[in-house]
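> Dropping the sequence and predicted coords here.
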Amino acid sequence: MPIHPSAIVDPAARIAPDADIGPFCIIGAEVEIGARTRLMANVYLEGPTFIGEDNLFFPFTTVGVAGQDLKYKGERAETRIGHRNKIREFVTIHRGTAGGGLLTSIGDDNLLMAYVHVAHDVHIGSHCILANAATCGGHVTIGDWAVIGAATGLHQFCRVGRHAIIGGYSVITQDVLPYSNTTTPRDPKSYGANKVGLERRGYSPDVINAVNKALRLLSRAGLNTTQAIERIREEVPGVAEVDELIAFIQSSQRGVIK
């Protein structure tokens, strides 16, 4: 097992034989590291933390430490990270709390750029990109394939739907609609479908047009949300992605950005 002699590894940690632990890393008890995962240097891991295979942690990342929620009283809570993620320099990932299910989780194939913050009880799906200094407040949920622009702040308990893209320096205080292109700092607005992202992921023109029409009915038709949903059901029936959009809106606790 390639562990640099300057690394400090708790005997209770469980590390795959082909994982790579670089210089000056610190790995605490109840940390599990999967096959071929590499910690480049100066990475700090605190348990209980479970990390899958083929992940790459760049220098000065911190994973699994207690969150900044003043209600946290030291209860046992976990951090779980899937496979093939790239975690860049100075990323901070905090474990869960009793108030949020005792778990912070990150899926597979994500890129977290430098200085990203993942607070307590955050759940990030798979294939997401969080650009430099994007900040997730506690209890944030981010769906698969979402892209979060640089220096964007996500308020506690907000949700970001699947395939959404958020422009840089945005301030997000309500849920971000799936498939949407949402941007502008301090005054977020939805500007229709995330067309480029959906095309890259193989969605058909018919589906993209249907999603775009639904989003424009929400944001450009001068309707309230209830009226817009009724119009969407009438004018864009039978499209699974549009049904997902409606279900997302109806389950929102904070309201959605239109």
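Received it, and whenever you're ready, just let me know what you need. Numbering: from 1, shown residues only.
> ranges for the helices of this structure?
For the chain, the helices defined by DSSP state H occupy 195-200, 205-220, 225-235, 240-250.
> And those helices: which comes nearest Ile33?
Of all the helices of the chain, it is helix 195-200 that lies closest to Ile33, at 31.8 Å by CB to CB. Quick note: C-beta positions are derived from backbone N, CA and C, even for glycine.
> Show me the contact partners of the closest one.
Helix 195-200 is contacted from outside by Trp145, Val147, His163, Ile165, Tyr179, Asn181, Val207, Ile208, Val211, Asn212, using CB atoms under 8 Å, 6 or more residues apart in numbering.
> for stretch 105-114, same thing?
52, 58, 79-91, 93, 118, 122-134, 144, 150.
> Pull out the buried positions in it.
Going by neighbour count (16 or more other CB atoms under 10 Å), the buried part of stretch 105-114 is Ser105, Ile106, Gly107, Asp108, Asp109, Asn110, Leu112, Met113, Ala114.
> how long is that stretch from one end to the other?
End-to-end span of stretch 105-114 (CA to CA, to the nearest Å): 18 Å.
> Stretch 43-50 too?
Terminal-residue distance, stretch 43-50 (CA to CA): 15 Å.
> Report the distance from that stretch to the chain centre.
Mean C-alpha position of stretch 43-50 versus that of the full chain (CA atoms, centre = their mean, to the nearest Å) differs by 18 Å.
> Grab the nearest non-local neighbour of Leu215.
Gly192 (5.1 Å; CB to CB, 6 or more residues apart in numbering).
> hang on, the earlier thing: now mean pLDDT and distance to His4 too, for the helices of the chain, in JSON lines please.
Shown next, in JSON lines, are these (pLDDT from 0 to 100; distance: least, CB to CB, whole Å):
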{"stretch": "helix 195-200", "mean pLDDT": "93", "distance to His4": "39"}
{"stretch": "helix 205-220", "mean pLDDT": "93", "distance to His4": "49"}
{"stretch": "helix 225-235", "mean pLDDT": "94", "distance to His4": "55"}
{"stretch": "helix 240-250", "mean pLDDT": "95", "distance to His4": "46"}
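> Go through these and name the closest to Leu70.
helix 240-250 (30.7 Å).
> which other residues reach the closest one?
In contact with helix 240-250 (CB under 8 Å, 6+ apart) are residues 159, 161-162, 175, 177-179, 203, 207, 210-211, 214-215, 218, 225, 229, 232-233, 236, 256.
> how about 10 Å then?
Under the criterion CB atoms under 10 Å, 6 or more residues apart in numbering, residues 143, 159, 161-164, 175-180, 193, 198, 203, 207-208, 210-211, 213-215, 218, 225-226, 228-229, 232-233, 235-237, 239, 255-256, 258 lie in contact with helix 240-250.
> All good on my end, thank you.
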